[in-house]
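Asker: I would like to see how this sequence folds:
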Amino acid sequence: MNPASAPAAFLRALFDAAVARAQPAQAIAPWLPAPPRGRTVVVGAGKAGGAMAAAVEALWPADAPLSGLVVTRYGHVPPVVDNTRRRIEVLEAAHPVPDAAGLQAARRIAQMVQGLGPEDLVLALISGGGSALLAQPAPGLSLADKQAVNQALLRSGAAIDEMNCVRKHLSALKGGRLAQLAAPARVVTLLISDVPGDDPAVIASGPTVPDPTTCAQALAICERYRIALPPAALAGLRSGAFETPKPGDAVFADHALHLVATPQQSLEAAAARARSQGVAAYILSDAIEGESREVAKVHAALARQVARHGQPFARPCVILSGGETTVTLPPPGAADPGRGGRASEFLLACAVALQGAPGVYGLAADTDGIDGVEDNAGARIGPDTLARAQAQGISPAAHLERHDAYGFFAALDDLVVTGPTFTNVNDFRALYIA
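Answerer: Numbers count the residues shown, from 1 in each chain. Coordinates of the predicted model:
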């Protein structure tokens, strides 16, 4: 494939390489512990949960005891021959707002890890999305309370670590509480990171790792973003009753955790693929945060500098980045937002900022295959994107104003649709300057 003659296919190949690097079937094997003298109970939550469970089953000795339950997002269970014959049960629940299925799964997981002994092993399979999927509220809170707070956080523009700080302190399992329930069994956690910085305490709100954040911090975040809290949540945070186990707690003494796949590794796989096609590749960062449309302006400015002046990189090249941007929506009732996730909004804002710059192509997508709550992973742009929109009477600025990137790219047939990828290392962005 000649990247210059097929830029869209070239960028899609880079995305596919990034996703392939994060597939549990390849990533888990080096980190799988040996079977213990006692039982092995597998628990987990996240968009990669089904694929992680399948990888463990394929690798685990047939004569070693194995049982468990993981919960993943609806539609994110990889194909299996017969789920009734699996030793690890896989359930589906809602994301990003939790539902009753997630609550039931969380309760069952909590029951499974209790009553184990020091010779037993809890193997925790944790990936992005697990925070919403492992939905057992703290005492005194209802599922409706959790749903309302979660929806408000998602609309607020809060960063992922801020959202998860609040979620941990309103949960019965997150923020290390699942590990507390499993004591005195040993816990080994295998993580697929979807957060900037790969902090295990932030990935899925850290159900099996100590939590350095506090009730006071969670309360401050809610105040900063004007998140209305139910009375029981407000009381629990103010009194410290919802405090989580901290670093140094003896319950974590013999535990182990391993990052089996990270955004950086996937970006490196995409860069290697580009270089194999004769295109220089540069990774800006695996941990970029901020409003999607503002991050897009910076990326577009860099691409224009390369295209016009050959600085700081010479053409042809591809600029890669990852992380987790945000989209701040108006308050409910203030406006009628369109459809689209943070990857599509990034790319629409990028197209507006580029203004048809010659030779600049882009693809942005979520590595789990779902951009927000839509059916697309992301979208693509080229030098002709704005011209084609104008020919159809479509206003990029109007679509961006109402957060309707999905509608914009659907009209141009420029959505990137992959279906669930069964993994999740967060945002993938690539700008190719030919």
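Asker: going by C-alpha atoms from here, please, whenever you check contacts or count neighbours.
Answerer: Will do.
Asker: in the biggest strand by length in the chain, what counts as buried?
Answerer: In the chain, with assignment by DSSP state E, the single longest strand is strand 280-291. Buried residues in strand 280-291, counted by 16 or more other Cα atoms under 10 Å: 280-283, 285-291.
Asker: hmm, who's touching it?
Answerer: Applying Cα atoms under 8 Å, 6 or more residues apart in numbering, the external contacts of strand 280-291 come out as 157, 159, 195-197, 263-264, 267-268, 271-272, 274-275, 295, 316-328.
Asker: which of these fall in strands?
Answerer: Residues of these located in strands (DSSP E): 317-326.
Asker: reformat the residues you listed into TSV and put neighbour count next to each item.
Answerer: Shown next, in TSV, are the ones in strands among the contacts of strand 280-291 (neighbours: other Cα atoms under 10 Å):
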residue	neighbour count
C317	21
V318	28
I319	21
L320	25
S321	22
G322	29
G323	22
E324	24
T325	27
T326	24
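Asker: need those residues in CSV (columns: pLDDT and distance to E374).
Answerer: Below are the ones in strands among the contacts of strand 280-291 laid out as CSV (pLDDT from 0 to 100; distance: Cα to Cα, whole Å):
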residue, pLDDT, distance to E374
C317, 98, 30
V318, 98, 27
I319, 98, 26
L320, 98, 23
S321, 98, 22
G322, 97, 20
G323, 95, 19
E324, 92, 17
T325, 94, 16
T326, 91, 15
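Asker: quick one: which of those is nearest A351?
Answerer: Nearest to A351 among the ones in strands among the contacts of strand 280-291, counting by Cα to Cα, is I319 at 15.3 Å.
Asker: isn't the closest one right up against A364?
Answerer: No: shown here, I319 and A364 do not form a contact pair, counting by Cα atoms under 8 Å, at 11.5 Å.
Asker: spell out which residues are contacts of both of those two.
Answerer: The contact sets of I319 and A364 overlap at A430 (Cα under 8 Å, 6+ apart).
Asker: would you confirm that A110 contacts Q180?
Answerer: No: using Cα under 8 Å as the test, A110 is too far from Q180 to be in contact (10.2 Å).
Asker: between the two, which one's more packed in?
Answerer: Between A110 and Q180, Q180 has the larger neighbour count (other Cα atoms under 10 Å), namely 23 against 20.
Asker: quick one: low-confidence ranges for the stretch 251-400 of the chain?
Answerer: Along the stretch 251-400 of the chain, the model assigns pLDDT under 70 to residues 332-336.
Asker: contact partners for the closest residue to V295 other than its chain neighbours?
Answerer: Once flanking residues are discounted, V295 sits nearest to F346: 7.1 Å by Cα to Cα, 6 or more residues apart in numbering. Counting by Cα under 8 Å, 6+ apart, F346 touches 292-293, 295-296, 364.
Asker: same thing but at 6 Å, please
Answerer: 292-293, 296 (Cα atoms under 6 Å, 6 or more residues apart in numbering).
Asker: other SSEs contacting the helix or strand that contains V306?
Answerer: Assessed by DSSP states H and E, V306 sits inside helix 292-309. The helices and strands touching helix 292-309, judged by 3 or more Cα pairs under 6 Å, 6 or more residues apart in numbering; DSSP states H and E, are helix 342-354.
Asker: the helix it packs on to strand 317-326, inter-axis angle?
Answerer: With axes from the mean of the first three to the mean of the last three Cα atoms, to 10 degrees as the basis, helix 342-354 and strand 317-326 are set at 120 degrees to each other.
Asker: quick check: next helix or strand after helix 342-354?
Answerer: Immediately after helix 342-354, counting by DSSP H and E, sits strand 360-366.
Asker: what's stretch 158-170 in contact with?
Answerer: Contacts to stretch 158-170, defined as Cα under 6 Å, 6+ apart, come from residues 138, 174-175, 202, 205, 218, 242.
Asker: now it: average pLDDT?
Answerer: Across stretch 158-170, pLDDT averages out at 92.
Asker: may I have that stretch exported as CSV, CA atoms only?
Answerer: Only the C-alpha atoms of stretch 158-170 are listed here, as CSV (Å, rounded to 0.1, in the frame of the first residue of the first chain):
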residue,chain,number,x,y,z
ALA,A,158,-14.6,16.6,34.4
ALA,A,159,-11.4,14.7,33.7
ILE,A,160,-11.5,10.9,34.0
ASP,A,161,-9.5,10.9,37.3
GLU,A,162,-11.9,13.4,38.8
MET,A,163,-14.9,11.4,37.8
ASN,A,164,-13.4,8.2,39.2
CYS,A,165,-12.5,9.9,42.4
VAL,A,166,-16.2,10.6,43.0
ARG,A,167,-17.3,7.2,41.7
LYS,A,168,-14.9,5.4,44.1
HIS,A,169,-16.3,7.1,47.2
LEU,A,170,-19.9,6.3,46.2
